Structure formats: structure tokens, C-alpha cells
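> Would you be able to build a 3D model of this:
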Amino acid sequence: MFRNSLKRIFTVSVIFGTGYYAGKYTEQTISNEPAHAVNVLQNQPELTWKLKYFSAGKYGQGGRDGLWVTRFKPRYTGTAAYVVFHERETGKDYLLLTVQERIVNKQKIKVCEPPIGFFNGEYPSSIPHVVAEAAEREIEKQIQLGTRMVKYSEIYSHFMNEYSVGKLSNEPYKTDSNLLQTAYREIKEEAGLDILALQNENGVTISHEIIDERETPDVYSVIRKIHITGDKLPTIAKRNNDEIKHNEWVAFENINLSTKTVKTAEGEFPIKPRDRVYEDIQKILDGKKTTSPRPS
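Residues are numbered from 1 along each chain as shown. Reported below is the predicted structural model:
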């Protein structure tokens, strides 16, 4: 009898669970009107996975910048970009890194990491994107710090006020047509390097390759290496704001894989301990390649 009861409970749970997720999938496809959907795969022929992109909806409905959807598996889509510069005359190699404040074990620390971010899809919200981005970043920090009650509306109101008095950037929101464009945008925004402008300079060659692809129930991300060769190190616009504390071309010899630290002009910082950043940097310093470079 006890065994039969357990069997009935298990059967009901399976039916309920399947119905719930099927319902969530239906809700997702309906709430993201087909008229607003775009098939980014057409612009990404190097990808073999078959997912469909939908605009994520308004923030009040739980939406974010973009969502790839398969049955039962919605997830954010992003990219990390490791930019390597090879100086012809000296033969030296540099890696473009940022110093950002992250939460590790409920403590704020500064870490080194590459430019990284989410794909920018359609953005139907009336809230300025820069406000939502700053607010969501603060909310994420407070959750990671273990704040008992995160006051979402107060956080959004605070950044709306910051925006209204000109303390937040008023740059227009830019959509991405593919994840390579996402990488180039993030490199410019976070690390101060305009790859598209650099392409027009004499003696500069640029190629890119995918060195890894990572997938979780929440996030799909493409890890790229952008390889630049030229006569002199490209100038980068300095960054020091709420998100990026410092950006710098770091010579390979200033990256210590044994101690997992990076020596910069602002001091020595640990390599970000999450998202396999150390493993990516190790792969790049070892010169390993997983695919043939593609000219940009």
C-alpha cells in the first residue's frame, strides 16, 4: 500500500511538472510576439545548435535583453572576448583585460577578466537600458552579498534619479545582429577598444576564433579570441566607472598562472575565479587553438 502511494505521488508529480514546464514554454512563445522575433542564427553560420531568439519582453514581466528558447530551456545568451595583440617589431604579446568589482564568498573584491556581456536584442521597455542595466547589476550584487531584503523598486528609483541628473550615460541602446557583434560592442564599452575602427588602420590584421562554447540551463555563451597583429599597441580609452575600475593591455609575462594573478598599472589582482576565466587565459597563453581563425 505504501509502495502504491509513493507510485501515485511520483506519477502526479511527473504530470504536474511536465504540465508546468510545457505551460511556461507556451507562455514564453505567446508573450514574445512572433512579429518581434528574429532568427539570429541566419547571421551566425558557424553555430550548429538550433535555437530560436525572441525579444525578452518588458522588465516588469521578468524580461531581460534577449532570450534563446528551446523546449523547456529558455536562457540568456552572451559572449566573452579575449583580445590578444601581437607587436610585430618586438614580438611581444598582450591581453586586453579589465578590472571589475565582483562578489566572491559574499565579499567585494577586484578581479581581472575579459570584456563579457549579454546579447542585445530588441528592448521594448520604457525604462532606459542603462538604468535597467545598472539596477540589475546592483540587485545581483546585493543578492550575492546575502542581503535579506533586496528593495528592487528603490534600486530602480535610485538609478532613474542618477540618469535624470546626468550621472549615467545617455548613449542610445544598440542591438546586436550576432554574437560577434556583441563581442565587438563589449570590447568597446568595457575595454575602450574600437575594433571596427582599428580594421581601417594600415598594417593591422585581425582574425577571430571560437575557443569554447558553454551552456547551462540559464546561459549559453560563446568564448572568442580576437587576434590582432600590428606595429604598435592600439590606444584604448580609459575606463573607471561603476562597472569597470580599470582596463589595460597586459603583457603576457605579467600574467602569473601559478598564483592566478595579473600585474597591472593599478596593482596586482586575482584572475576572476568563476566562469572558467583562468582556464581560458591558460589556453590563450599556451597558444592552443580549437578552430581555424576567421578573418574579420
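
> In which helix or strand does V250 reside?
Assigned by DSSP states H and E, V250 belongs to strand 244-251.

> Can you point out the buried residues in the top strand by length along the chain?
Longest strand in the chain by number of residues (criterion: DSSP state E): strand 73-87. By neighbour count on 16 or more other C-beta atoms under 10 Å, the buried set for strand 73-87 is 74-85, 87. The way it works is simple: take the backbone N, C-alpha and C, and place the C-beta from them, glycine included.

> Columns distance to V277 and pLDDT on top of these, output as JSON lines?
Listed next are those as JSON lines, based on distance: C-beta to C-beta, whole Å; pLDDT from 0 to 100:
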{"residue": "P74", "distance to V277": "25", "pLDDT": "51"}
{"residue": "R75", "distance to V277": "20", "pLDDT": "60"}
{"residue": "Y76", "distance to V277": "18", "pLDDT": "72"}
{"residue": "T77", "distance to V277": "19", "pLDDT": "79"}
{"residue": "G78", "distance to V277": "14", "pLDDT": "84"}
{"residue": "T79", "distance to V277": "13", "pLDDT": "91"}
{"residue": "A80", "distance to V277": "8", "pLDDT": "96"}
{"residue": "A81", "distance to V277": "12", "pLDDT": "97"}
{"residue": "Y82", "distance to V277": "9", "pLDDT": "98"}
{"residue": "V83", "distance to V277": "14", "pLDDT": "98"}
{"residue": "V84", "distance to V277": "15", "pLDDT": "98"}
{"residue": "F85", "distance to V277": "19", "pLDDT": "97"}
{"residue": "E87", "distance to V277": "24", "pLDDT": "96"}
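
> Mind jotting down where the helices sit in the protein?
In the chain, the segments counted as helices under DSSP state H are 2-31, 129-145, 152-164, 179-191, 195-198, 277-285.

> so for the fifth one, what's the average pLDDT?
The reference is to helix 195-198. Average pLDDT, helix 195-198: 94.

> where in the stretch 151-296 of the chain is pLDDT low?
Scanning the stretch 151-296 of the chain for pLDDT under 70 picks out 217-218, 288-296.

> 90 instead, please
In the predicted model, the stretch 151-296 of the chain carries pLDDT under 90 at residues 151-157, 169-181, 200, 213-222, 240-243, 287-296.

> start to end distance for stretch 198-205?
9 Å (C-alpha to C-alpha, to the nearest Å).

> All further residue positions should be reported with the first residue as 29.
Sure thing, new numbering starts at 29, so read that last one as stretch 226-233.

> who's in contact with it?
R116, I234, I256, T257, G258, D259, P262, S324 (C-beta atoms under 8 Å, 6 or more residues apart in numbering).

> Test my guess that the second one contacts L221.
The reference is to I234. No - if you go by C-beta atoms under 8 Å, I234 and L221 don't touch, sitting 11.0 Å apart.

> Comparing these two, which residue is more hemmed in?
Per other C-beta atoms under 10 Å, whichever of I234 and L221 has more neighbours is L221, with 24 against 19.

> residues in contact with the more buried one?
Neighbour list for L221: V111, L124, I215, P262, I264, A265 [criterion: C-beta under 8 Å, 6+ apart].

> what's the distance between G174 and A163?
19 Å (C-beta to C-beta, to the nearest Å).

> Please say which of those two ends up with more neighbours.
It is A163, of G174 and A163, that has more neighbours when counted by other C-beta under 10 Å, with 22 against 8.

> which residues touch the more buried one?
Going by C-beta under 8 Å, 6+ apart, A163 touches Y180, I183, Y184, H186, F187.

> Just the buried ones out of these, please.
Among those, the ones that count as buried (16+ other C-beta under 10 Å) are I183, Y184, F187.

> Can you tell me the strand partners of the longest strand of the chain and which way each runs?
Applying DSSP bridges to the sheet, strand 101-115 is found paired with strand 95-98 (antiparallel), strand 121-132 (antiparallel), strand 144-146 (antiparallel), strand 247-258 (parallel).

> got the contact list for the shortest one?
This means strand 144-146. 92-94, 104-109, 210, 213-214, 217-218, 303.
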